[in-house]
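*Asks:* how would this look folded up:
(2 chains)
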Amino acid sequence: MRQWCRGRGLRRIRRSARRGRAREGCMAEHSYQPSEIEPKWQAVWAERGAFRTPTDPAELAAKPKFYVLDMFPYPSGAGLHVGHPEGYTATDVIARMKRAQGFNVLHPMGWDAFGLPAERAAVREGLHPAVITERNIATFRTQIQRLGFSYDWEREISTAAVDYYRWTQWIFLKLYERGLAYEASVPVNWCPALGTVLANEEVKDGAYVETGDPVERRLMRQWMLKITDYAERLLVDLEELDWPESVKEMQRNWIGKSRGADVVFRIDGGERSFTVFTTRPDTLFGATYCVLAPEHPLLAEITTAGQRAAVEAYVAAAAQKTDLDRTDLAKSKTGVFTGALAVNPVNGQKLPIWVADYVLMGYGTGAIMAVPGHDERDHEFARAFGLPIVEVVAGSGSPVGEAAYTDNQDGVLVNSTAPDGFSIDGLKVPEAIARITAWLEERGLGRERVQYRLRDWLFSRQRYWGEPFPVVHAEGGEVVPLPEDWLPVELPVIDEFKPTDDGQPPLARAGEQWLRVTLPDGRSGTRETNTMPQWAGSCWYYLRFLDPRNDRQAWSPEAERYWMPVDLYVGGVEHAVLHLLYARFWHKVLYDCGYVHTKEPFQRLFNQGMILAHSFRDAGGKYYHPAEVEERGGRSFVAGTDTELESQIEKMSKSKLNVVNPDDVIAAYGADAMRLYELFMGPLEVQKPWQMKDVEGVNRFLQRVWRLVVDERTGERAARLSDEPPASAPELLRSLHKTIKKVTADTEALQMNTAISQMMIFVNDATATPRVPVEIVTTFLRLLAPFAPHLCEELWLRLGEADLMAHAPWPGHDPELARDELLTIVVQVNGKRRGELQVAPGTRDEEIRRLALASEA
RNA sequence: GCGAAAGUGGCGGAACCGGUAGACGCGCGAGACUUAGGAUCUCGUGGGGGUCCCCCCGUGGGGGUUCGAAUCCCCCCUUUCGCACCA
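*Replies:* Next up is the predicted model:
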């Protein structure tokens, strides 16, 4: 026994569990027993439908609404870790408080159930992805329910259920009708390891963000969604949202709006021309060469015979490169002269045209004018190939031959006069840009333009476990959307989930019966065999929660009008761009269709920080489970040995052996202590380490609350409780009202850590009070109930209350009783202490000054 | 490189709009009650002085504004997170 439970954390857990059992049997029979009261109350809540969302129209009309939503989980095989319940606990506290405050609350939970991991597990285990998914959902549901969250489980949904995804398909048809879904042959991110394409948002540094598998460029026919049509609205509407600034900023960066101009360059000695996009048209006089991307269509036409071999070799080499190679910043610039010359429209200068892979075909026009004097990349390129560098903006401390001067505010234009006399010399950059843009427009040589970095959303995947597209390819190749009443297109049951040998998606294995379709007009066709990406289902699940059992509509207009928008949405930052951008896009399309009445789906967003954990590693880099580690003199060793370990705080992961399972924590301390600790750890939004020792602290707090009410030896009401009026304990009453005030305000602001510390202060005060009016305790329990609902429900019952605590109203505070004490202000003159003042908080500076001067005299 | 956020005891973290640090919890120390307790209760706990009244130093570093700065301003350092050849 000793040998296998040496580690501190685990030993503590086992010890606590033992202690719990021991107590049940012998002396302290009436001590706090979360393992008994928690399942009991969870069953009562379920039986009595305590958290059912109101649906009766009169009831809905009678109260204001509050929609509080968690980012629903992907039910992975690993089960829940302690990071999941952090956000869930926060939203549950809010949901319970809002109910108590008289709101109709919608607080649902569901499963983002389609996706690659289930498909891979299916291959590994020889089971169907649907079976794997069902199993994982069951695990997640059990784990989540153990925490006593007040979800309305009657509204549970799964994106992989037919009665859900038929509406995902329906929304796709709406997108198609509006011309927002189209097929195109585009260069895609193909991941050979996964056998599928990926969205731009899923690829970083040439690799799939989830697994790190390399991604290469391929030209493929794929479904695309025209999110670019919504770029401006997605950008502008961010302003109205109560979201973390960092997330808004990330979305702004992703959308990447830049203002500039298109400028047309004629090719010397012919009629052909090409257009460049630039944000700095003011530097046009400083252009000394042009560059085309290797994929630029004009390239082959203009390359001269003498340069053809070199250019073709360069283009071929660029095509071979992975994105990773092409975006490697460490590498130096490469390129080849095409032999062709372009004519600078502003002064007629002949500029050599180069091809180089630092110019991307996917952004702007795939062609640039290069101004090495005022652009770092062009500068580096010009230096590498000995191209001229001309200064046209003055103001830099060093010559442009040494470093590009890129300031775009205060620089003053020089050397910028055209042969016809037009000049922007002497102007500051912003004015120069306006002037030259107008000049170009007058002559038809260019025009102002806004450019976005956002690309269209690559919306198909070569996978099985996703939503089938509701479209058919008719004979002759025409794409035909299916009529709405043909939905759902059910995912056929197949037994092999790999692509076919000739590279078709897995659904090509479904057989003629599924693949062949006779269309309404009598033609026959073949079903689309790609499926939708995992993001599809999560783009609108918050709408299905409004009316999840509706089999005639995706949701009813009445429910939508009542509940939307989501008032509070809580989840991790990892979705700052992907899910949150996609969902906003779909929502705006649905808004344009008239199916939703708000421009934005999520009014307030909150990102909880990641929970980290200590991990232990020896000099060789091998990880040890915390149960094998012992601490001596502030250092860590492998238990029973002198092998010293390095301890660090890291993201929880299987390979680092530092994952904390909520089930273990609940077994040792109970769900209420778990809930409380999740919130007491620190501010919700920051990263913080899980420290099992600290759970003891909140556990002791709950024990003290228990003993405040229950005599542990007899199980009777504690002798300290009195039936006298609250005013009989004036100090405690003040403490109570301050607590009501602070808990209400802090919880509203999602600062639950300080709300809990205030409740601890109150309980410490109560413990020190000889005669505690019972009414003060019941009021306090109503405050604590959203945080520790099982304990409070039990104590509420023991104090003789008839109705559920879950239905008790939220207490209000008396401002007079909750008022802060006077502040002490030390009066100082030139840093020397000269006296003290007692003032009320909020006293104005002038008043303080006046009082200080008066006291001085 | 660019952008954002943040640096407070042995640890997690408090501190409203500048009001005189370290709430609450962990850990640690002392005591009480106990056959015993790693339970519970009480007291103490930033550092350094000092015959217990108190003094000095303290919120990453350096300047500044102010009667007064963890909080506001400038420069620097560090960490975390985004973006990364986007013309």
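*Asks:* Identify the residues contacting whichever residue of chain A sits closest to RNA strand B.
*Replies:* RNA strand B sits closest to A:Gly697 of chain A, with a gap of 2.2 Å, by C-beta to the nearest atom of the strand. The C-beta positions use only the backbone N, C-alpha and C, and glycine is treated the same way. By C-beta atoms under 8 Å, 6 or more residues apart in numbering, A:Gly697 lies in contact with A:677, A:680.
*Asks:* does it sit in a helix, a strand or a coil?
*Replies:* Taken by DSSP: H, G, I helix; E, B strand; the rest coil, the conformation at A:Gly697 corresponds to helix.
*Asks:* same deal with the one 10 residues further on?
*Replies:* When the structure is split into helix, strand and coil by three-state DSSP, A:Arg707 lands in helix.
*Asks:* That one contacts A:Ala718, correct?
*Replies:* Yes. A:Arg707 lies in contact with A:Ala718 (C-beta atoms under 8 Å); the separation is 6.7 Å.
*Asks:* contacting residues around stretch A:183-196?
*Replies:* Taking C-beta under 8 Å, 6+ apart as the rule, stretch A:183-196 contacts A:116, A:197-200, A:202-203, A:208, A:211, A:213-224, A:295, A:323, A:362, A:458, A:461-463, A:479, A:498-499.
*Asks:* what about it, distance to the chain center?
*Replies:* Offset of stretch A:183-196 from its chain centre (C-alpha atoms, centre = their mean, to the nearest Å): 25 Å.
*Asks:* Narrow the contacts of stretch A:183-196 to those that are buried.
*Replies:* A:116, A:197-200, A:202-203, A:208, A:214-217, A:220, A:222-224, A:295, A:323, A:458, A:461-463, A:479, A:499 (16 or more other C-beta atoms under 10 Å).
*Asks:* Near RNA strand B, which residues of the stretch 151-300 of chain A? Just list them.
*Replies:* Applying C-beta under 7 Å from any atom of the strand, we find that the stretch 151-300 of chain A lies next to RNA strand B at A:204, A:245-246, A:249-250, A:253-254, A:256, A:258, A:260, A:277-280, A:293.
*Asks:* Tell me which two of the residues you listed sit farthest apart.
*Replies:* Spatial extent of these (C-beta to C-beta) is set by the pair A:Glu245 and A:Ala293 at 34.7 Å.
*Asks:* Out of these two, name the residue with the larger neighbour count.
*Replies:* Using other C-beta atoms under 10 Å as the criterion, A:Glu245 and A:Ala293 rank with A:Ala293 on top: 23 against 8.
*Asks:* quick one: contacts for that one?
*Replies:* A:Ala293 neighbours (C-beta under 8 Å, 6+ apart): A:355-357, A:359-361, A:366-367.
*Asks:* Would you mind writing the ChimeraX command to select the buried ones in those?
*Replies:* Command for ChimeraX, covering only those of these found buried under the criterion 16+ other C-beta under 10 Å:
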select /A:355,356,357,359,361,366,367
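*Asks:* Out of the contacts of A:Ala293, the closest to A:Thr53 would be?
*Replies:* A:Leu360 (49.1 Å).
*Asks:* now that closest one: how far from A:Met369?
*Replies:* 15 Å (C-beta to C-beta, to the nearest Å).
*Asks:* what do you get for A:Ala193?
*Replies:* For A:Ala193, the distance to A:Met369 - C-beta to C-beta - is 40 Å.
*Asks:* circling back to that earlier point, just the closest of the residues of the stretch 151-300 of chain A next to RNA strand B to A:Glu628, please.
*Replies:* A:Lys204 (35.3 Å).
*Asks:* Can you pull the phi/psi pair for the closest one?
*Replies:* Recorded main-chain torsions at A:Lys204 are phi -140, psi 130, according to degrees, to the nearest 10.
*Asks:* Tell me the confidence at it?
*Replies:* For A:Lys204, the pLDDT comes out at 74.
*Asks:* which residues in the stretch 51-200 of chain A form strands?
*Replies:* A:65-70, A:104-106, A:110-111, A:157-158, A:181-191, A:196-198 (DSSP state E, counting those that start in this stretch).
*Asks:* now, of the ones you listed, which is deepest in the fold?
*Replies:* strand A:110-111 (a mean of 25; mean count of other C-beta atoms under 10 Å).
*Asks:* Provide the contact partners of that one at residue level.
*Replies:* A:72-75, A:133, A:137, A:140, A:155-160, A:541, A:544-545.
*Asks:* From these, list the buried ones, please.
*Replies:* Of those, these count as buried by 16+ other C-beta under 10 Å: A:72-75, A:133, A:137, A:140, A:155-160, A:541, A:544-545.
*Asks:* Closest to A:Val236 out of those residues?
*Replies:* Out of the buried ones among the contacts of strand A:110-111, the member with the shortest distance to A:Val236 (by C-beta to C-beta) is A:Tyr541, at 25.2 Å.
*Asks:* got the residue ranges for the helices in the stretch 751-857 of chain A?
*Replies:* Along the stretch 751-857 of chain A, counting by DSSP state H, counting those that start in this stretch, helices occupy A:752-767, A:774-784, A:789-798, A:815-818, A:845-856.
*Asks:* Report the inter-axis angle for the second one versus helix A:752-767.
*Replies:* Between helix A:774-784 and helix A:752-767, the angle comes out at 160 degrees (axes from the mean of the first three to the mean of the last three C-alpha atoms, to 10 degrees).
*Asks:* what residues does helix A:774-784 touch?
*Replies:* A:100, A:705, A:708-709, A:721-723, A:725-726, A:729, A:732-733, A:736, A:739-740, A:743, A:759, A:762-763, A:766, A:791-792, A:795-796, A:799, A:801, A:805, A:808-811.
*Asks:* got it, and the first one?
*Replies:* Applying C-beta under 8 Å, 6+ apart, the external contacts of helix A:752-767 come out as A:90, A:93, A:676, A:679-684, A:698, A:701, A:704-705, A:708, A:731-732, A:735-736, A:738-739, A:742-743, A:746-747, A:772, A:776-777, A:780, A:783-784, A:787.
*Asks:* And for the third one?
*Replies:* With C-beta under 8 Å, 6+ apart as the test, helix A:789-798 has contacts from A:32, A:34, A:37-38, A:40-42, A:44, A:96, A:148, A:150, A:670-672, A:702, A:705-706, A:709-710, A:717, A:778, A:781-782, A:784-785, A:804-806, A:808.
*Asks:* Let me see the mean pLDDT of that helix.
*Replies:* On average, helix A:789-798 scores 95.
*Asks:* Now do the buried residues in it.
*Replies:* A:789-797.
*Asks:* cool, and the fourth one?
*Replies:* For helix A:815-818, a neighbour-count test (16+ other C-beta under 10 Å) marks A:817-818 as buried.
*Asks:* A:Ala370 bridge partners, please.
*Replies:* A:Tyr289 (DSSP bridges).
*Asks:* How many residues are close by it?
*Replies:* 29.
*Asks:* With A:Arg707 instead?
*Replies:* 17.
*Asks:* same question, A:Arg233
*Replies:* So A:Arg233, with other C-beta under 10 Å, has 16 neighbours.
*Asks:* Identify the residues contacting A:Leu299.
*Replies:* A:292, A:311, A:315, A:338, A:355.
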